[in-house]
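S.K.: Below: sequence and its predicted model.
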Amino acid sequence: MVSSPAMAGLPLQFPYGSIRNVMAKSCPSCNKGTKVAGGYSNRTRATKFTPTGMVRKYPNLQWAKLPQGGRIKICTRCLKANKQLTMKVAVKNK
């Protein structure tokens, strides 16, 4: 059973002309991806034995249904703006 078009070997077609992987850790609509954030203060550095500073933050990706059928992971900002309704996906005919 195939759950997404990318797993079926079908490319995604986006309005910007780029083809991206569906299961990536970035939004295919707005290209929001991971970023390194955080750090620690001098007080933390002085009191902790092994202070850990930078932490990788991931975008809030959620499954969204596509009008042609299937679903895709997009960020919540694009989900609220209904950008998944304008995305075109190549769907295999059965």
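M.R.: Ah, there it is. Since we're looking at a predicted model, the values are computed, not measured.

S.K.: pretty sure residue 38 is touching residue 51, no?
M.R.: No - with contact defined as Cβ atoms under 8 Å, residue 38 does not reach residue 51; the gap is 10.8 Å. The way it works is simple: take the backbone N, C-alpha and C, and place the C-beta from them, glycine included.

S.K.: Looking at the two, which one has more neighbours?
M.R.: Counting neighbours by other Cβ atoms under 10 Å for residue 38 and for residue 51 shows that residue 51 has the greater number, 13 against 10.

S.K.: what's the spacing between that one and residue 81?
M.R.: Applying Cβ to Cβ, to the nearest Å, the value for residue 51 to residue 81 is 39 Å.

S.K.: what's the answer for residue 58, then?
M.R.: 20 Å.

S.K.: How about residue 37?
M.R.: Distance, residue 37 to residue 81, by Cβ to Cβ: 24 Å.

S.K.: what do you get for residue 47?
M.R.: Residue 47 sits 44 Å away from residue 81, going by Cβ to Cβ.

S.K.: higher neighbour count, those two?
M.R.: A side-by-side neighbour count of residue 47 and residue 81, using other Cβ under 10 Å, places residue 81 first with 14 against 9.

S.K.: Flag the shaky bits of this structure, pLDDT-wise.
M.R.: Within the chain, the segments meeting pLDDT under 70 span 1-24, 89-94.

S.K.: Go again with 80.
M.R.: 1-24, 39-53, 88-94 (pLDDT under 80).

S.K.: hey, where'd the strands end up in the protein?
M.R.: 12-13, 35-38, 54-57, 61-65, 71-75, 88-89 (DSSP state E).

S.K.: so which of these comes closest to residue 25?
M.R.: Nearest to residue 25, of all these, is strand 61-65, at 7.3 Å by Cβ to Cβ.
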